[in-house]
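Visitor: Here is a sequence with its predicted model. Questions after.
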There are 2 protein chains.
Amino acid sequence: MRKKPIQQRARVLVSSLVDAAGDIVVEDGLDALTTVRVAERAGVSVGSLYQYFQNKDELIAALIEQVDSDLIATVDRVAMDALAADPQTFARALLNAAFDAFEARNGLAYELLKHWHRLDIGRGLYRFEQRMLEVLRAYALAHIRDHQVDPSPARAFVVINSVVFTLLRYLSLDAPPLFRRDELLAEMAAMAARLLVAGSPAAQGTGRRKVPGRRSPGR
Amino acid sequence: MRKKPIQQRARVLVSSLVDAAGDIVVEDGLDALTTVRVAERAGVSVGSLYQYFQNKDELIAALIEQVDSDLIATVDRVAMDALAADPQTFARALLNAAFDAFEARNGLAYELLKHWHRLDIGRGLYRFEQRMLEVLRAYALAHIRDHQVDPSPARAFVVINSVVFTLLRYLSLDAPPLFRRDELLAEMAAMAARLLVAGSPAAQGTGRRKVPGRRSPGR
DNA sequence: ATTGAATGCGAATAAACATTCGCACTACGG
DNA sequence: CCGTAGTGCGAATGTTTATTCGCATTCAAT
């Protein structure tokens, strides 16, 4: 942030800018987020925006930060409550929470997550994934005797991303699919629970070859 | 396509434009794809590009079409070969194929898939998903006696998207994760195989509420 | 060889944005 | 009631791009 808002009115201005940005993203998508439009919507001038944000990306980062924090807080709360439950119930609770979180603020998180490959948003996603990993570990620790819970990094990675992105993809379907929301949730919960409980995967690696040259994402 | 290329040189020109587009996407990402740059790279002028493509999106659509066809052809071939195998092996084969396909042409499919929420690319993804669904159904049909294979639409949706997007996310990590590629593959294969074989998910829906108002993606 | 269609060219046009800058208003400690 | 730091303004600037259009070149059938 270029300059810190000192007076009250300045702090209000900054937060209304971030709010306006969120509203615009919800209404017309991230691509429709222009600095002038944000300023207009917030009832201030572009100049003022640049008084407190170095550039547009910094504004987006602030928005992400906000959304991400909410998301993590939600997950934390729900996970705490369900920590004692069996894997099936635990998975269920987290999934419901995830759905709710995606819907919160009119699908703001959903619209943002679509652009996860952008740097700002990617960092938010990464933070979220890390937090989920910790939550799963906490669950494992709490149930080390009851079940053979074992969230290996690879497994956790698969579960977390499978759920998040499948949800994302589901929400993006314009023609409703052949199955109901409940079914989807049930399937995912079952999958997650199974992966949490089951042992190591049956087969061992069918040795693979070359590593792909990964490119850095262009803007 | 605005006008069909009739002469030989025109056909060459069109395909070199699509190739150039692919190269640029691979090198600098989809955002770096400008019409002028494509033309330059193909060794022709922008004007010529617009002779055969109504606009930039149509060019992208042509690229997608190409990539998507390759992808589907690969999946078809591999699935055919593995149709007789057990679920674990079948899943393995498809996963390996998927990895290879993502790496083909220097990660072109990977870079494109990151932008699946764009209309052109979304259609390609949808086609791919549909094809995968058919493949899974074919497998189920072939094994209706051996296993209790049951790819319900919801389940198939979860498996397909989990695999595709988890792979995508994995490839996009800049810092290598704590697990090896083999582990990831093994986990995903196990997951897929389990979902293919297992019965209906344990619990039933914890009835959910409101439907989120879906917005049409910008651009 | 002639000619109309097909092809190819690339400077020019226009629209969309991010960002800046000089000027004016406001708060508030003294 | 001053003065200055903090705040706010929004037209102007510069850049990046998609797309067009009038002119030049090539093809292929007669």
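Guide: Cool, the structure landed.

Visitor: What is the burial count for residue A:7?
Guide: Applying other Cβ atoms under 10 Å in any protein chain shown, we find 8 other residues in the vicinity of residue A:7. Where you see a C-beta, it was placed from the backbone N, CA and C, and this is true even at glycine.

Visitor: Give me the distance between it and residue B:23.
Guide: 53 Å (Cβ to Cβ, to the nearest Å).

Visitor: again, but for residue A:172
Guide: Taken as Cβ to Cβ, the span from residue A:172 to residue B:23 is 29 Å.

Visitor: what's the answer for residue A:95, then?
Guide: Residue A:95 is 41 Å from residue B:23, by Cβ to Cβ.

Visitor: same deal with residue A:80?
Guide: 51 Å.

Visitor: Can you name the residues that contact the spatially closest residue to residue A:61 that is not a sequence neighbour?
Guide: Once flanking residues are discounted, residue A:61 sits nearest to residue A:120: 4.8 Å by Cβ to Cβ, 6 or more residues apart in numbering or on different chains. By Cβ atoms under 8 Å, 6 or more residues apart in numbering or on different chains, the contact set of residue A:120 is A:57, A:60, A:61, A:64.

Visitor: Can I get stretch A:58-69 in CSV, CA atoms only?
Guide: The C-alpha trace of stretch A:58-69 is given here as CSV (Å, rounded to 0.1, in the frame of the first residue of the first chain):
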residue,chain,number,x,y,z
GLU,A,58,-2.3,-4.4,-5.1
LEU,A,59,-6.0,-3.7,-5.0
ILE,A,60,-6.8,-7.2,-6.1
ALA,A,61,-4.3,-8.5,-3.6
ALA,A,62,-6.2,-6.7,-0.8
LEU,A,63,-9.5,-8.2,-2.1
ILE,A,64,-7.9,-11.7,-2.2
GLU,A,65,-6.5,-11.3,1.3
GLN,A,66,-10.0,-10.5,2.6
VAL,A,67,-11.7,-13.3,0.9
ASP,A,68,-9.0,-15.8,1.7
SER,A,69,-9.1,-14.9,5.4
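
Visitor: ok, residues contacting that stretch?
Guide: Residues contacting stretch A:58-69 (Cβ under 8 Å, 6+ apart): A:1-2, A:17-18, A:21-22, A:25, A:30, A:33, A:35, A:38, A:49, A:53, A:105, A:108-109, A:112, A:120-121, A:123-124, A:127-128.

Visitor: Give me the buried entries from these.
Guide: Neighbour-count burial (16 or more other Cβ atoms under 10 Å in any protein chain shown) is assigned, among the contacts of stretch A:58-69, to A:17-18, A:21-22, A:25, A:30, A:33, A:35, A:38, A:49, A:53, A:105, A:108-109, A:112, A:120-121, A:124, A:127-128.

Visitor: Next step: those restricted to helices.
Guide: Under the assignment DSSP state H, these contribute A:17-18, A:21-22, A:25, A:35, A:38, A:49, A:105, A:108-109, A:112, A:120-121, A:124, A:127-128 to helices.

Visitor: Between residue A:95 and residue B:23, which has more neighbouring residues?
Guide: Between residue A:95 and residue B:23, residue A:95 has the larger neighbour count (other Cβ under 10 Å), namely 21 against 16.

Visitor: ok, residue A:145 - how many residues close by?
Guide: That count, for residue A:145 with other Cβ under 10 Å as the rule, works out to 7.

Visitor: and what of residue A:55?
Guide: Residue A:55, neighbours per other Cβ under 10 Å, totals 12.

Visitor: Ramachandran angles for it?
Guide: phi -160, psi -180 (degrees, to the nearest 10).

Visitor: same thing with residue A:114?
Guide: phi -60, psi -30.

Visitor: shaky segments in chain A?
Guide: A:147-150, A:198-219 (pLDDT under 70).

Visitor: Please report how far the most centrally placed residue in it lies from residue B:121.
Guide: Note on chain A: the residue nearest the mean C-alpha position is residue A:125, at 5.1 Å, using Cα atoms, centre = their mean. Separation of residue A:125 from residue B:121 (Cβ to Cβ): 20 Å.

Visitor: Smallest gap between chain A and DNA strand D, at which residue?
Guide: Residue nearest to DNA strand D within chain A (Cβ to the nearest atom of the strand): residue A:47, separated by 1.9 Å.

Visitor: Can you tell me the element that residue falls in?
Guide: Using DSSP states H and E, residue A:47 sits within helix A:46-52.

Visitor: same question, residue A:61
Guide: helix A:56-82.

Visitor: is that helix anywhere near DNA strand C?
Guide: Yes - against DNA strand C, helix A:56-82 shows contacts by Cβ under 7 Å from any atom of the strand at A:56, A:57.

Visitor: which of the buried ones among the contacts of stretch A:58-69 come close to DNA strand C?
Guide: Restricting these to those near DNA strand C - Cβ under 7 Å from any atom of the strand - leaves A:33, A:35.

Visitor: domains of chain A?
Guide: A:1-54, A:62-203 (automatic domain parsing).

Visitor: Pick the most buried one from those.
Guide: Sort those by mean neighbour count, taking mean count of other Cβ atoms under 10 Å in any protein chain shown, and domain A:62-203 sits at the top with a mean of 19.

Visitor: now check the helix holding residue A:61, is it near DNA strand D?
Guide: No - using Cβ under 7 Å from any atom of the strand, helix A:56-82 never reaches DNA strand D; the gap is at least 12.1 Å.

Visitor: Off-centre distance for that helix?
Guide: 8 Å (Cα atoms, centre = their mean, to the nearest Å).

Visitor: for stretch A:177-197, same thing?
Guide: Taking Cα atoms, centre = their mean, one finds stretch A:177-197 lying 19 Å from the centre of the chain it belongs to.

Visitor: Next, see if it gets close to chain B.
Guide: Yes - counting by Cβ under 8 Å from any Cβ of the partner chain, chain B has neighbours in stretch A:177-197: A:177-191, A:193-195.

Visitor: What residues does chain A have near DNA strand C?
Guide: So far as Cβ under 7 Å from any atom of the strand goes, chain A lies against DNA strand C at A:7-9, A:32-36, A:46-47, A:50, A:55-57.

Visitor: nearest to residue B:13, of these?
Guide: Using Cβ to Cβ, residue A:32 is the member of the residues of chain A next to DNA strand C that lies nearest residue B:13, at 35.2 Å.

Visitor: gap between the closest one and residue B:117?
Guide: 14 Å.

Visitor: Check residue A:139 too.
Guide: Per Cβ to Cβ, residue A:139 is found 32 Å from residue B:117.

Visitor: do the same with residue A:91
Guide: In this view, residue A:91 and residue B:117 are 27 Å apart by Cβ to Cβ.

Visitor: Likewise for residue A:95?
Guide: Using Cβ to Cβ, we find residue A:95 at a distance of 22 Å from residue B:117.

Visitor: What is the helix or strand hosting residue A:9 packed up against?
Guide: Element membership for residue A:9, per DSSP H and E: helix A:8-28. If contacts are counted by 3 or more Cβ pairs under 8 Å, 6 or more residues apart in numbering or on different chains; DSSP states H and E, helix A:8-28 sits against helix A:35-42, helix A:46-52, helix A:56-82, helix A:87-113.

Visitor: Right, I'll leave it there.
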